[in-house]
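1. structure here, sequence nowhere to be found:
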């Protein structure tokens, strides 16, 4: 029996504790489209499904230490599949559902997966296309029952032995897996209790392949101790409880959402609701009314754009007051967040702030469900002005920082102790130091053990007991500030080095600019690729002509205004307006919406020449 005064040792124990303690509480929820509301399975119901799935996997032969991949979108079955693996001591390997078949094949071969969970027919088809090249893969489990029944695509095999292995592969639905597990339990009453505490704290729990903004993705091996220590550290600094409700938007294949948006609320006994899709976040926020949501800056920027666009639907005589209210919110948030040089509010402004809070800010908060206690931002740098705006509106925004290799949180701003422009104070599961060249180095219980099958890269990353993150930063007392990434530095033809991220953050504060990437390696000067805000474009030029003199002048003036503080060699000498946004689909963003700089630089190299 576990000791409730001590942290759980494994993810299996973490889940088991909550299953016992919060049996009747809501656990995982999805949108019931017919009812137009969220419906939840309780902790007790999820516990039973995990039990059945684990026994079903055991009956299929999945053993401790073997790898089971998950190629699926967020859903209760994703969570149940992962927990079932943890109960058996198997290693789950999540993959982004947006990956093409070729990349799925590379990862499944590299990790030696013997089983793969897929969500639907689209993901099943990827496995069909590559099945003859995956001799170790024995079983495919489909969340969607119809996907398990679909006809296997037949392509000429290049290896007869592998083709024979593919023919013998088991393909079944998740429901059938659970039924087999239930039957196994009825036949052997003590079987599950003998199996479920299979893993030890130091065992590998998961292999997460980095999204690869640079170079080939690497399989990051995280142990139960790595993840548990990080969960415990975050809980200790954020004021969260089992009464909180979490809206899950980011993919569970990423360690950020998996640790913070799944294991953490599971540890608390809180409820987790899944967004229907990337395009329904606004609606789902209103329907579910979460108190906590883990987000990335791009989503927050989209929220901000909608706030400012709303002015078009306000009566003419109220537009100026609405815009003044947003400006005052940003000023108030900056003062509270200790932004450098941010002035405090005057007596008159404090009075106006209270009036605006009742008449404007409260309505904006209702658009986010009305109960948000914290947005926690990670995955990419957060523009400080964005944090100031949300904070001033009464929507606390806590920026954090971490990597897959650190499970992931290294630092996070605390409620009531936000310092904008920083990623907060470091958490207890890690120690941080800044190397002589400015690189952030980390060690501690949440730091990964190895890159799968890559001993040389592991040794390069972990030196003298410290994990070298590749990020540049500075410690300001207890607060950590990120200043760039070593590999992202632009080295100009004259040898001057420019960190692009801080400049890009400043530029994206402009209402004219939706996305921006700086180029300049080996060139005389820095240039910028800019994706304009579509609404701003039509206001400048009704035809939307990006090359018109009016358009070019407007963006040139905006860039000049926002970058006047920079050194001359850092200033943008050329810019190019793009009519297509950077996206996951065109390969320029990772699934967590981070820029793939190498891809973008190569694709637009012809625009950065002198």
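-> Received the coordinates, thanks. Keep in mind it's a predicted model, so treat the numbers as computed, not measured. Numbering: from 1, shown residues only.
2. you'd agree residue 370 is up against residue 289?
-> Yes: Residue 370 is in contact with residue 289 according to CB atoms under 8 Å; the separation is 6.0 Å. Every C-beta, even on glycine, is put in place using the N, C-alpha and C of the backbone.
3. which of these two has more neighbours?
-> Using other CB atoms under 10 Å as the criterion, residue 370 and residue 289 rank with residue 289 on top: 17 against 12.
4. need the contact list for the more buried one.
-> Residue 289 is in contact with 245, 369, 370, 371, counting by CB atoms under 8 Å, 6 or more residues apart in numbering.
5. wait, a strand at the last one?
-> Right, the one you point to is residue 371. No: assessed with DSSP: H, G, I helix; E, B strand; the rest coil, residue 371 is coil; it does not lie in a strand.
6. which SS state does residue 575 fall under?
-> Looking at residue 575 with three-state DSSP, the answer is strand.
7. and it, what are its bridge partners?
-> residue 528 (DSSP bridges).
8. just give the number of residues close to it.
-> Residue 575 is flanked by 20 other residues according to other CB under 10 Å.
9. measure it to residue 524 for me?
-> Residue 575 sits 15 Å away from residue 524 when distances are taken as CB to CB, to the nearest Å.
10. go on, residue 25?
-> Distance, residue 25 to residue 524, by CB to CB: 62 Å.
11. next: residue 462.
-> Taking CB to CB as the measure, residue 462 falls 39 Å from residue 524.
12. those two: who's more crowded?
-> residue 462 (20 against 14).
13. what does the pLDDT read for that one?
-> pLDDT recorded at residue 462 is 97.
14. give me the low-pLDDT residue ranges for this protein?
-> The model of the chain has pLDDT under 70 over residues 1-2, 151-167, 189-190, 211-215, 339-342, 608-610.
15. quick one, longest strand in it?
-> strand 466-476 (DSSP state E).
16. for the helix or strand just after that strand, which residues meet the burial criterion?
-> Moving toward the C-terminus from strand 466-476, the next helix or strand (DSSP states H and E) is strand 479-485. Buried residues in strand 479-485, counted by 16 or more other CB atoms under 10 Å: 479, 480, 481, 482, 484, 485.
17. one more: stretch 50-69?
-> Buried residues in stretch 50-69, counted by 16+ other CB under 10 Å: 50-60, 62, 66-69.
18. all strands for the stretch 151-300 of the chain, in order.
-> For the stretch 151-300 of the chain, applying DSSP state E, counting those that start in this stretch gives strands covering 170-173, 204-209, 219-223, 245-248, 271-274, 292-295.
19. meant to ask about the stretch 351-500 of the chain, not that
-> 374-377, 397-402, 409-412, 425-426, 431-434, 439-443, 450-451, 462-463, 466-476, 479-485, 490-491, 497-498.
20. and the ones you listed: which comes nearest residue 127?
-> With respect to residue 127, and counting by CB to CB, the nearest of the strands of the stretch 351-500 of the chain is strand 450-451 at 24.7 Å.
21. ok, residues contacting the closest one?
-> With contact meaning CB under 8 Å, 6+ apart, strand 450-451 is reached by 218, 219, 220, 221, 457, 458, 461.
22. surely the third one and residue 205 touch.
-> No: under the contact definition of CB under 8 Å, residue 220 does not touch residue 205, with a separation of 11.3 Å.
23. dump the strands of the stretch 151-300 of the chain into a markdown table; add mean neighbour count and distance to residue 91 as well.
-> Converted to a markdown table, the strands of the stretch 151-300 of the chain look like this (neighbours: other CB atoms under 10 Å; distance: least, CB to CB, whole Å):
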| stretch | mean neighbour count | distance to residue 91 |
| --- | --- | --- |
| strand 170-173 | 17 | 20 |
| strand 204-209 | 25 | 5 |
| strand 219-223 | 24 | 8 |
| strand 245-248 | 26 | 22 |
| strand 271-274 | 24 | 23 |
| strand 292-295 | 24 | 24 |
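24. can I get the ones you listed in CSV including distance to residue 21?
-> Below are the strands of the stretch 151-300 of the chain laid out as CSV (distance: least, CB to CB, whole Å):
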stretch, distance to residue 21
strand 170-173, 31
strand 204-209, 22
strand 219-223, 24
strand 245-248, 17
strand 271-274, 14
strand 292-295, 20
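25. residue 394 is nearest to which of those?
-> Closest to residue 394 of the strands of the stretch 151-300 of the chain, according to CB to CB: strand 292-295, at 15.1 Å.
26. packing partners for that closest one?
-> Judged by 3 or more CB pairs under 8 Å, 6 or more residues apart in numbering; DSSP states H and E, the packing partners of strand 292-295 are strand 245-248, strand 374-377.
27. can I get these in CSV with distance to residue 80?
-> Below are the helices and strands packed on strand 292-295 laid out as CSV (distance: least, CB to CB, whole Å):
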stretch, distance to residue 80
strand 245-248, 14
strand 374-377, 25
